[in-house]
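Student: only geometry, no sequence info:
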């Protein structure tokens with residue numbers, strides 16, 4: 001009976017383990033490529049949600065200002081209870097007569113109307129609000145471009161770490177294979193103990209590099225998940241290899257510096273909008289010193305009476321035009337306009353400096369891309385030659401035509417060329433991503 005119980009428990013545990021393994025395998029089947037990663041980042045990033053809300057805030061503020069153009073109607077009611085009436089003294093034929101003035105109860109109910117007819121500052125403020133919306137939209141676009149650039153670079157970094165790990169792991173497998181050959185040759189007395197020790201040490205030295213590369217892959221994956229708004233422990237497989245981009249990179253047409261335009265660069269567009277905002281603020285300053293015309297009106301119904309008596313009611317209404325002409329205000333406005341002109345000049349100089357630095361950055365990215373293309377073409381051929389040289393060295397070592405040092409040198413050369421090849425593709429992709437972000441390509 002105890003044996004049956006134990007068997008049943010083992011069987012249930014096995015079923016649970018198999019079910020857990022199946023679920024984990026299903027979870028691990030989630031694949032994400034670069035396009036999907038960008039899509040996830042744009043939908044899940046708090047930065048994009050904040051940028052979208054900023055645009056909505058500016059739009060609501062503009063609506064608030066538009067309401068100021070409509071008539072403003074307010075209703076007011078007032079009630080007064082007289083506790084002690086005012087006393088007036090009058091001289092009536094040599095006699096003083098005291099008369100109490102007022103009523104015990106007084107009330108009034110009325111409506112007031114106001115409407116700006118000519119208000120230059122208000123109209124200019126509405127235009128400034130429209131510019132604020134454009135600025136918020138451009139800022140959101142800038143956030144999107146920057147986020148896409150960050151996702152691309154993080155994705156390429158992950159691919160570089162993964163392919164570097166694969167190269168080092170392959171190198172470790174080669175060293176293991178050659179170590180077996182050396183060990184067998186040593187046991188047969190064909191090689192010296194010194195050569196076997198060198199092979200053992202080389203194998204042991206390679207193991208920490210493989211472990212470090214594995215940790216780099218894990219860390220790069222976690223950073224990418226954080227950037228995408230995912231949980232770092234969520235099982236995701238990021239597809240692709242750097243070598244997948246080789247043909248597209250080699251077939252790419254390099255643009256010349258004269259063909260590269262910065263008209264869509266977000267930083268320059270925001271500076272242009274900032275200059276326009278300063279110009280509009282200057283118009284508001286001028287408008288605040290111009291005459292303003294407003295329409296006002298009111299209707300009021302009031303009444304008064306004593307306790308227990310009859311109330312006397314008095315309707316009252318009026319319509320008026322109000323004209324306000326500032327006179328002394330021009331003095332301070334003159335100095336404010338000078339300050340505005342200097343702020344505009346500062347921003348124009350800032351824009352010119354930013355544009356010069358951007359053009360320098362564009363040239364640097366173009367140089368990096370061109371250099372990377374040349375390196376990829378050269379490293380691709382060198383890598384094939386290194387692979388062929390390693391295969392020859394391995395066959396020669398198996399038949400005793402060369403030493404372990406020759407085989408190890410060929411393996412080291414192959415590993416170096418493979419890593420250099422991956423680095424060249426990575427350099428091109430990163431430079432291309434930075435160039436797209438600088439040019440404002442979405």
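Tutor: Okay, I see it. Note that the coordinates shown come from a computational prediction; the quantities given were computed from them, not determined experimentally.
Student: measure residue 116 to residue 163 for me?
Tutor: Distance from residue 116 to residue 163, counting by Cβ to Cβ, to the nearest Å: 67 Å. Quick note: C-beta positions are derived from backbone N, CA and C, even for glycine.
Student: Contact partners for residue 185?
Tutor: By Cβ atoms under 8 Å, 6 or more residues apart in numbering, residue 185 lies in contact with residue 191.
Student: That one and residue 419, how far apart?
Tutor: 29 Å.
Student: Please work out the average pLDDT along the strand or helix carrying residue 385.
Tutor: Counting by DSSP states H and E, the element that carries residue 385 is helix 329-398. For helix 329-398, the mean per-residue pLDDT is 89.
Student: which is the next helix or strand following it?
Tutor: Next element after helix 329-398 (DSSP H and E): helix 404-439.
Student: The closest residue to residue 57 other than its chain neighbours - how many residues pack around it?
Tutor: In this structure, residue 57 finds its nearest non-sequential neighbour in residue 136, 7.7 Å apart by Cβ to Cβ, 6 or more residues apart in numbering. The local packing of residue 136 (other Cβ atoms under 10 Å) involves 20 other residues.
Student: pretty sure residue 136 is in a helix, no?
Tutor: Yes: with DSSP: H, G, I helix; E, B strand; the rest coil as the criterion, residue 136 is located in a helix.
Student: before we move on, the earlier item: and residue 116 and residue 163? Which one has more around it.
Tutor: residue 163 (23 against 18).
Student: Pretty sure that one sits against residue 242.
Tutor: Yes: with contacts counted by Cβ atoms under 8 Å, residue 163 reaches residue 242, the gap being 5.2 Å.
Student: Overlap of the contact sets of those two?
Tutor: residue 422.
Student: Now do the helix holding residue 385: which elements does it pack against?
Tutor: Here helix 329-398 touches helix 120-187, helix 246-251, helix 266-288, helix 404-439, going by 3 or more Cβ pairs under 8 Å, 6 or more residues apart in numbering; DSSP states H and E.
Student: closest to residue 318 out of those helices?
Tutor: helix 120-187 (24.0 Å; Cβ to Cβ).
Student: mean confidence for the closest one?
Tutor: Helix 120-187 carries an average pLDDT of 87.
Student: buried sites along whichever helix or strand comes after it?
Tutor: Using DSSP H and E, the helix or strand that follows helix 120-187 in sequence is helix 193-227. For helix 193-227, burial by neighbour count (16 or more other Cβ atoms under 10 Å) applies to 195-196, 198-199, 202-203, 206, 209-210, 213, 216-217, 220-221, 224-225, 227.
Student: Quick check: chain neighbours aside, which residue is closest to the one residue sitting closest to the centre of the chain?
Tutor: What sits nearest the mean C-alpha location of the chain, by Cα atoms, centre = their mean, is residue 143, with 3.4 Å. Counting by Cβ to Cβ, 6+ apart, residue 51 is the residue found nearest to residue 143 once chain neighbours are left out, at 4.6 Å.
Student: check contacts around the one you found.
Tutor: 136, 139, 140, 143, 144.
Student: Give me the mean pLDDT for the helix or strand containing it.
Tutor: Assigned by DSSP H and E, residue 51 falls within helix 46-67. Across helix 46-67, pLDDT averages out at 84.
Student: ok, then the element right after that helix?
Tutor: That would be, after helix 46-67 and using DSSP H and E, strand 72-81.
Student: Can you list the strands that that next one pairs with?
Tutor: strand 105-118 (antiparallel) (DSSP bridges).
Student: now the strand it pairs with against helix 120-187, angle please.
Tutor: 70 degrees (axes from the mean of the first three to the mean of the last three Cα atoms, to 10 degrees).
Student: if I look at the nearest residue to residue 223 once chain neighbours are set aside, how far off is residue 41?
Tutor: Distance criterion Cβ to Cβ, 6+ apart; nearest residue to residue 223, sequence neighbours excluded, is residue 154 at 5.8 Å. From residue 154 over to residue 41 the distance is 9 Å, taken as Cβ to Cβ.
Student: Same question for residue 165.
Tutor: Counting by Cβ to Cβ, the gap from residue 165 to residue 41 is 24 Å.
Student: So these two - more neighbours on which side?
Tutor: residue 41 (24 against 21).
Student: Alright, that wraps it up for me.
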